[in-house]
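Asker: Sequence and predicted structure, then a few things I'm wondering about:
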Amino acid sequence: MAVRTRKPALPGLRYRRRKNGPDGTATDLFVARVHAELAEELPDEDLGEDLADFLERYEPAGGPGADAEADEEFLETVREAHHRIARGY
């Protein structure tokens, strides 16, 4: 009987594992990393712990001189981080 072995990885490369817990949710470490990346990208924003709650409560600035394009880019950045956490990668 032949035994299959895994090919050795190239030097410096590692196999990627999904960052999900046993119940399929993202691990705390992964969530913390995504929040840290988001805080680095948006240092002046206080997003809180729950991005879904932030997205529900967020109201775009609607006064004179409001930049709708920048506001949409900001929301897209937060949405992408929220989706990464939901996917687990």
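Answerer: Yes, it's here.
Asker: Start and end of stretch 47-58, how far apart?
Answerer: Stretch 47-58 has an end-to-end distance of 10 Å (C-alpha to C-alpha, to the nearest Å).
Asker: ok, now which ones touch the residue nearest to the spatial centre of the chain?
Answerer: Closest to where the C-alpha atoms of the chain average out (C-alpha atoms, centre = their mean) is A81, at 3.0 Å. A81 is in contact with 34-35, 37-38, 51, counting by C-beta atoms under 8 Å, 6 or more residues apart in numbering. To be clear about C-beta, it is placed using only N, CA and C from the backbone, and glycine gets the same treatment.
Asker: backbone phi and psi for G88, please?
Answerer: When quoted as degrees, to the nearest 10, the phi and psi of G88 stand at phi 90, psi 10.
Asker: Relative to G65, which of the contacts of A81 is nearest.
Answerer: For the contacts of A81, the minimum distance to G65 (C-beta to C-beta) is 25.5 Å, reached by L38.
Asker: Spatially, what comes nearest to that closest one if we skip its sequence neighbours?
Answerer: Nearest non-adjacent residue to L38, counting by C-beta to C-beta, 6 or more residues apart in numbering: A81, 4.7 Å away.
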